[in-house]
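J.: Would you be able to build a 3D model of this:
(one chain, ligands or ions: 1)
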Amino acid sequence: MKMIMGDKSLFFMEGQRAKSFRHILMAFLGPEAMRRYVARASSIAQAHIEKFWLDGSEVRAYLLVKKALFSVVFNLFLSIQNEEEEKELLVPFEEFLHGLVELPINFPGTKFRRAKLATRKIFGKLDKFISKRKGRGWREKNILMMVMAGHDTTASTLAVSMKCIAENPWCYDRLRQEHLAIAAAKPLRVEDLQKMNYTWKVASGPSSAGKHADSDHANDHRGLHSSKRLASKFLHSIISRTSLMIIDGQFMWSVFRSNRRSAFFPDPDKFDPERFDGSSGLIPYTYVPFGGGPRICPGNEFAKMLLRVFLHHLLTQFQWALLDPNEHSIRTSGQRPPRQTVQKSNIIPREVPWILETINYITRSWNHSITLYHHFYNVLPRIKHVACIFLVEASGS
Ligand code: HEM
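T.: Just a heads-up that it's a prediction; the model follows:
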């Protein structure tokens, strides 16, 4: 990572330097900054959904989620609002992320080499964007680090949350109740996020969703670990710090492994958002997806904001089911997402939730049979859509 990103990144800073840098970073990522971001993130999420999610009956959720999160980050931190400019950065960023945790073989064709070249390209393009928008300073250069630390972590958390919700219809129902109660505010405000308690519990929850295709390894931006199952959304959270106090070497702590210890998390594979309820007796420091102490993830507020904003827009407009419930997660170097999770989406006009509830009630029996549902996947959203329009017309509202 150092060879690709350079040793001036926060990851490799220690002591006072790291402290000062983090202090500056908090101006962009702290709770106050969230006030400025929520409405914009919400508008971008909605625009993205309207552009890419509404058409057809199938969506590649993970890929779209990644694209959407890139848009938000580029927009908020670089003021990029144009799709062409976005595209110019998207491809090299993907290459950069893919090669980040690879053997450092600097030979044509290796992922490592491609990541190195991509980094150069990214810096070139960032320079261009930054100089285009005068008045921007050195801090934008650290976008690389922020994207690296925050992009796949947040995208896979969101995609796996969608997977868990699809696998647990009771959870979808409960979430929808929470979100319909705040659906009227458009775009969202910070106050709305505070009403999404259950949503955060769902996004936090370990799940047994997914199996690994060909390997039981999971990588992340901080190291490697093994597991047979995708048991936590926070796969990327491995904390590694050099700890001279313990031993002259690396001390590595895996959030993923901690979350699977039944002493702290009974029945760890069970999808049980309630276990993250403050009153459920979670032992302090057993659940720390963002790390803790002076090097706690500085992007945690930002990640929580994005997750809630996107889930809100998805939940108030779609119902989804997995096209392939046994879909394997695919191992990619450095990242561990359920890459090909293909979701089926049903269009739910948010203006007519009561009609929708009725239609959902009627069609629920279909949802129970995934096989049957497959046969319907092309027509079901249209049936619902037409039925909604019909009922709106008929009721005169
Ligand atoms: C669900 C999403 C995320 C998870 C689970 C996550 C988790 C983590 C963890 C476990 C660490 C290591 C903490 C330690 O070493 O003690 C970390 C560090 C870091 N994260 Fe995140 N993160 C997420 C999203 C983000 C976002 C959105 C950003 C920025 C926009 C971000 C920026 C960073 C940075 C800069 C560091 C390094 C901090 C340092 O070395 O002082 N993260 N993250």
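J.: Low-confidence ranges, the protein, go.
T.: 56, 130-141, 183-185, 205-257, 278, 280, 327-397 (pLDDT under 70).
J.: okay, now the domains of it?
T.: Residue ranges for the domains of the chain, per automatic domain parsing: 2-347, 352-397.
J.: L175: neighbour count?
T.: For L175, the number of neighbouring residues by other CB atoms under 10 Å comes to 24. C-beta here means a position set from N, CA and C on the backbone, and glycine is covered the same way.
J.: so who does it touch?
T.: Neighbouring residues of L175 by CB atoms under 8 Å, 6 or more residues apart in numbering: I165, Y198, T199, V202, L311, L315.
J.: Now do the same contact list for the residue of the stretch 251-397 of the chain found nearest the ligand.
T.: Taking CB to the nearest ligand atom, the ligand has its nearest neighbour within the stretch 251-397 of the chain at G299, 2.0 Å off. By CB under 8 Å, 6+ apart, G299 lies in contact with L29, M146, A149, G150.
J.: and the ligand, which of those residues contact it?
T.: Among those, the ones lying near the ligand by CB under 6 Å from any ligand atom are L29, M146, A149, G150.
J.: What is the nearest of those to the ligand?
T.: Of all these, G150 has the smallest distance to the ligand: 2.4 Å, by CB to the nearest ligand atom.
J.: Is the closest one located within a helix, as I assumed?
T.: Yes: in this structure, G150 lies within a helix as judged by DSSP: H, G, I helix; E, B strand; the rest coil.
J.: For it, which non-adjacent residue is closest in space?
T.: Nearest residue to G150 in three dimensions, chain neighbours excluded: G299, at 4.5 Å (CB to CB, 6 or more residues apart in numbering).
J.: interface residues of the protein facing the ligand?
T.: Counting by CB under 6 Å from any ligand atom, the residues of the chain near the ligand are 10-11, 18, 22, 29, 145-146, 149-150, 153-154, 157, 234, 236-237, 239, 241, 289-291, 295-299, 302-303.
J.: Among these, name the buried ones.
T.: In the residues of the chain next to the ligand, burial by neighbour count holds for 10-11, 22, 29, 145-146, 149-150, 153-154, 157, 234, 236-237, 239, 289-291, 295, 297-299, 302-303, counting by 16 or more other CB atoms under 10 Å.
J.: who's in contact with F52?
T.: Going by CB under 8 Å, 6+ apart, F52 touches V59, L64, K67, A68.
J.: do that again at 7 Å, thanks
T.: L64 (CB atoms under 7 Å, 6 or more residues apart in numbering).
J.: ok so, going back, could you dump the ones next to the ligand among the contacts of G299 into TSV and include distance to R261?
T.: Putting the ones next to the ligand among the contacts of G299 into TSV (distance: CB to CB, whole Å) gives the following:
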residue	distance to R261
L29	30
M146	31
A149	25
G150	26
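J.: Closest to P108 out of those residues?
T.: A149 (28.2 Å; CB to CB).
J.: how far away is the closest one from L282?
T.: A149 sits 25 Å away from L282, going by CB to CB, to the nearest Å.
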